[in-house]
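Enquirer: sharing a model that was predicted from the sequence below.
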Amino acid sequence: MDLFANLALGFGVALTPANLVYCFLGALLGTLIGVLPGIGPVATIAMLLPVTFTLPPVSALIMLAGIYYGAQYGGSTTAILVNIPGESSSVVTALDGYKMARQGRAGPALGIAAIGSFFAGCVATVVIALFAPPLAEVALKFGPTEYFSLMVLGLIAAVVLAHGSLIKAIAMVLLGLLLGLVGTDVNSGVARYTFGLPELSDGIGFVTVAMGMFGIAEIVTNLEHRGARDVFVAKITSILPTVDDLKRSAGAILRGTALGSALGILPGGGALLASFAAYTLEKKVGDGSQFGKGEIRGVAAPESANNAGAQTSFIPLLTLGIPSNPVMALMIGAMMIQGIAPGPQVMTERPQLFWGMIASMWVGNLMLVILNLPLIGMWVKLLAVPYRLLFPCILLFCGVGVYSVNNASFDIYLMCVFAVFGYVCVKLECEPAPLILGFILGPMMEENLRRAMLLSRGDPSVFFTKPISAVLLGMALLLLLIVLSPAVKKKREEAFQEA
Amino acid sequence: MRIKAPKDFWAGLMFIVFGVGFMIGATNYAMGSAVRMGPAYFPSVLGGLLALLGLAIMIKSFVTSGEKVPAMVLRPLILILIALVLFGLLLKPLGLVVATAVLIFVGALGGHEFRAREVLILYLALVVFSVLVFVRGLGLPIPVCPAPADDFCRKIGVGV
């Protein structure tokens, strides 16, 4: 069967000593930074991207993927131990996980999170291997018209599922698209919005935007409040859950995995939505009375779901070249820097890269379990690192990182501009994530729109008369209408309120 | 008319400014036609949409009430920006050792408490780390010492 041949090829790539090392380094660095307070996965990946420029493409992507799910894992560790979700997708984990830690059951909570994540990771790897090839095949038939509509759907879906004001998020997407257009226009050779600066003729680097808006702006926001962290570090005696715990959570892990895998595939889905949905579902299934009071199912379900979702969200990335969240947008950027055009052709043209990355996800998940169970004591110690020591390090890594992309100090200044902008956005409650998605997709969208209109001789109705394109746009419209309907709007606000 | 949702009001204004700005900028480029879009086409459309959304957000801010804009805390922001800009200015002429010192010390002033000894130790650790990892390990072409001393640095084996 093809699947096994492909996976064998993938494991052949992922299990080479060098790639194992990069996978390990990625998972380790990711967990390390995920555990450290006040720095999220987007900033982490942006910061470490320049490190991967010198690596071969497969190793670079393997390492970046490792950082991503490592950060995910580290985020849940802090959610359980100190009630500070390292990132938004572990917000719900904190609800019951922290309660468990308070009751002296931090070990089992961490253990079940690891077991659930690993199980979900295994399933998600198979899901990707099964679903990616047929999807890529469909996508290969897409023309510019369909691609444009797909991007519209992807952006709308990402916005709908994000929290905060919908209209502001759409505005941020538009602004991102516009910023993505800065630089030389490929068709006419005209330098757009460069203010005569030669440094801008290649466009604004996405590392610059991501580091400014996520990295530096985050630091400034964190420095605002003198946060006393309630570090609750109990002695963790045993990380292994009891047999009863396992029995209790088995169903939750299965349901979480299934839900997470399905939601991850949706454009705009991914870990955040998956964990929220899984927690809500778990509360409804069976006995929900213990939720919020240290219910182990309340840890098992969202942890399985967010890991499954984090992984299956690679499907739209690898098959369609469409990012479903800011982390995936950074992965696209990384691929482009490595000279790989993201899209369905990646799988056929670079099977080693495609299958190697998929196989490495499974390897990485295994490593995380092996790595984290014994190292948990060290992670706990890291939690005590005061922020005043941490933020100068982040500053330096951002500075060196952004400089090294083009060896230009100009990028540091530009990063400062985006830091100020990011800070203003925080104050005005405008989410930066949709902006990054738009930013990455801007040039691709324009190019596809141009081609589509050229083919249709300037007739815009083609987007609605071509069946696939019409369906995609119809879905986008439907999503908008659903979210805008008063009943759903209220529910959506409630759902995010819970966080 | 009273602004009921200041956050939305200012956000709306920001989007209008950006939208209109991009549209004005686009007037410098050729518009083309729907069949052959010029470089001005797509940004003009997007800019227009953005300005419209901004307007909608702004109008809404007069109707539904919302939160105030929280106060800006300028000290950390300004110090961190100064630190980064100085780092950018000094990196090429004076090298990593000097530029990092400025970045760490000025940046640390932006925090809540500044403990000179602690920052000094942090700086020393970071400089050693960056030279070993960034310059030696990853081979990034970043000067380590000021230009005249760089030869010497290379001789003792810390520069590239």
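Expert: Structure received. Numbers count the residues shown, from 1 in each chain, chains lettered A, B, ... in the order given.
Enquirer: report pLDDT for the residue of chain B most remote from its centre.
Expert: Residue farthest from the centre of chain B, counting by Cα atoms, centre = their mean, is residue B:35 at 37.8 Å. Per-residue pLDDT puts residue B:35 at 85.
Enquirer: if I pick it, what's in contact with it?
Expert: Shown in contact with residue B:35 (Cβ atoms under 8 Å, 6 or more residues apart in numbering or on different chains): A:453, A:454, A:457, A:458. Using the backbone N, CA and C atoms, a C-beta is placed for each residue, glycine as well.
Enquirer: got the phi/psi numbers for it?
Expert: For residue B:35, the backbone dihedrals (degrees, to the nearest 10) come out as phi -70, psi -50.
Enquirer: go on, residue A:184?
Expert: The phi/psi pair for residue A:184 (degrees, to the nearest 10) reads phi -70, psi 130.
Enquirer: which one's the longest helix in chain A?
Expert: If each helix of chain A is counted by residues according to DSSP state H, the longest one is helix A:106-140.
Enquirer: centre of the chain versus that one, how much separation?
Expert: From the chain centre to the centre of helix A:106-140 is a distance of 14 Å (Cα atoms, centre = their mean, to the nearest Å).
Enquirer: gap between residue A:297 and chain B?
Expert: 35 Å (Cβ to the nearest Cβ, to the nearest Å).
Enquirer: that residue contacts residue A:282, correct?
Expert: Yes - using Cβ atoms under 8 Å, residue A:297 is in contact with residue A:282, at 5.4 Å.
Enquirer: what touches both of those two?
Expert: A:252, A:291.
Enquirer: ok so, going back, of the contacts of residue B:35, which are in range of chain B?
Expert: Contacts with chain B are made by A:453, A:454, A:457, A:458 out of the contacts of residue B:35, judged by Cβ under 8 Å from any Cβ of the partner chain.
Enquirer: A strand includes the last one, no?
Expert: No - going by DSSP: H, G, I helix; E, B strand; the rest coil, the assignment for residue A:458 is coil, not a strand.
Enquirer: surely it and residue B:33 touch.
Expert: Yes - in this structure, residue A:458 is within contact of residue B:33 by Cβ under 8 Å, at 6.3 Å.
Enquirer: who's more crowded, these two?
Expert: Using other Cβ atoms under 10 Å in any protein chain shown, the more surrounded residue of residue A:458 and residue B:33 is residue A:458, with 13 against 10.
Enquirer: so how far is residue A:274 from the more buried one?
Expert: 42 Å (Cβ to Cβ, to the nearest Å).
Enquirer: shaky segments in chain B?
Expert: B:148-160 (pLDDT under 70).
Enquirer: change it to 90
Expert: B:1-6, B:28-38, B:63-75, B:91-96, B:109-118, B:129-160 (pLDDT under 90).
Enquirer: show me where it has its helices.
Expert: Using DSSP H, helices in chain B cover B:6-26, B:41-63, B:74-94, B:96-109, B:116-130, B:147-155.
Enquirer: list the contacts of residue A:405.
Expert: Contacts of residue A:405 (Cβ under 8 Å, 6+ apart): A:50, A:53, A:205, A:207, A:208, A:411.
Enquirer: make it 6 Å
Expert: Contacts for residue A:405 (Cβ atoms under 6 Å, 6 or more residues apart in numbering or on different chains) come out as A:50, A:205, A:207.
Enquirer: please apply the same query to residue A:289.
Expert: Going by Cβ under 6 Å, 6+ apart, residue A:289 touches no other residue.
Enquirer: what about the closest residue to residue A:362 other than its chain neighbours, distance to residue A:95?
Expert: Among residues not flanking residue A:362 along the chain, residue A:125 sits closest, at 4.4 Å (Cβ to Cβ, 6 or more residues apart in numbering or on different chains). Distance, residue A:125 to residue A:95, by Cβ to Cβ: 28 Å.
Enquirer: look at the nearest residue in space to residue A:105 that is not next to it in sequence and report its pLDDT.
Expert: In space, residue A:105 comes closest to residue A:294 once its chain neighbours are excluded; the distance is 7.0 Å by Cβ to Cβ, 6+ apart. The confidence metric pLDDT takes the value 78 at residue A:294.
Enquirer: now the helix or strand encompassing residue A:92 - C-alpha only, PDB.
Expert: Residue A:92 is located in helix A:91-102, with elements delineated by DSSP states H and E. Extracted in PDB, the C-alpha atoms of helix A:91-102 (Å, rounded to 0.1, in the frame of the first residue of the first chain):
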ATOM      1  CA  VAL A  91      -6.300  28.000  28.800                       C
ATOM      2  CA  VAL A  92      -8.900  25.400  29.500                       C
ATOM      3  CA  THR A  93      -6.300  22.900  30.800                       C
ATOM      4  CA  ALA A  94      -5.600  25.400  33.600                       C
ATOM      5  CA  LEU A  95      -9.200  25.200  34.800                       C
ATOM      6  CA  ASP A  96      -9.000  21.600  36.100                       C
ATOM      7  CA  GLY A  97      -5.300  21.000  35.900                       C
ATOM      8  CA  TYR A  98      -4.400  23.700  38.400                       C
ATOM      9  CA  LYS A  99      -7.100  22.500  40.700                       C
ATOM     10  CA  MET A 100      -5.600  19.000  40.600                       C
ATOM     11  CA  ALA A 101      -2.200  20.500  41.400                       C
ATOM     12  CA  ARG A 102      -3.700  22.300  44.400                       C
END
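Enquirer: residue contacts, the residue nearest to residue A:105?
Expert: Neighbours of residue A:294 in contact, by Cβ under 6 Å, 6+ apart: A:96, A:99, A:100, A:103.
Enquirer: show me just the buried residues among those.
Expert: Among these, those classed as buried by 16 or more other Cβ atoms under 10 Å in any protein chain shown are A:96, A:99, A:100.
Enquirer: closest one to residue A:265 out of the residues you listed, please.
Expert: residue A:96 (26.7 Å; Cβ to Cβ).
Enquirer: how much space between the closest one and residue A:277?
Expert: 16 Å.
Enquirer: pLDDT value on the residue nearest to residue A:362, please?
Expert: Taking residue A:125 on its own, its pLDDT is 87.
Enquirer: and if you look at residue A:232?
Expert: Model confidence at residue A:232, given as pLDDT, is 56.
Enquirer: dump the ones next to chain B among the contacts of residue B:35 to TSV, plus pLDDT and distance to residue A:68.
Expert: Formatted as TSV, the ones next to chain B among the contacts of residue B:35 follow (pLDDT from 0 to 100; distance: Cβ to Cβ, whole Å):
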residue	pLDDT	distance to residue A:68
A:453	91	36
A:454	90	37
A:457	88	43
A:458	83	42
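Enquirer: tell me the residues of the stretch 151-300 of chain A that contact chain B?
Expert: A:167-168, A:171, A:174-175, A:177-178, A:181, A:185, A:188, A:190, A:192-193, A:220, A:223-224, A:226 (Cβ under 6 Å from any Cβ of the partner chain).
Enquirer: so which residues on chain B come close to chain A?
Expert: So chain B meets chain A at B:7, B:10-11, B:15, B:18, B:22, B:25, B:29, B:34-35, B:37, B:39, B:42-43, B:46, B:49-50, B:53, B:57, B:69-70, B:73, B:76-77, B:81, B:84, B:87-88, B:103-104, B:107-108, B:111-112, B:122, B:126, B:134, B:140 (Cβ under 6 Å from any Cβ).
Enquirer: show the buried residues in these.
Expert: B:7, B:10-11, B:15, B:18, B:22, B:25, B:29, B:37, B:39, B:42-43, B:46, B:49-50, B:53, B:57, B:69, B:76-77, B:81, B:84, B:87-88, B:103-104, B:107-108, B:111, B:122, B:126, B:134, B:140.
Enquirer: phi, psi of residue 143?
Expert: Using chain A here. Per-residue torsions, residue A:143: phi -100, psi -180 (degrees, to the nearest 10).
Enquirer: you looked at the wrong chain, it should be chain B
Expert: Torsion angles, degrees, to the nearest 10, at residue B:143: phi -60, psi 140.
Enquirer: now it: how far from chain A?
Expert: For residue B:143 relative to chain A (Cβ to the nearest Cβ), the value is 11 Å.
Enquirer: just checking, that residue touches residue B:94?
Expert: No - Residue B:143 is not in contact with residue B:94 according to Cβ atoms under 6 Å; the separation is 7.9 Å.
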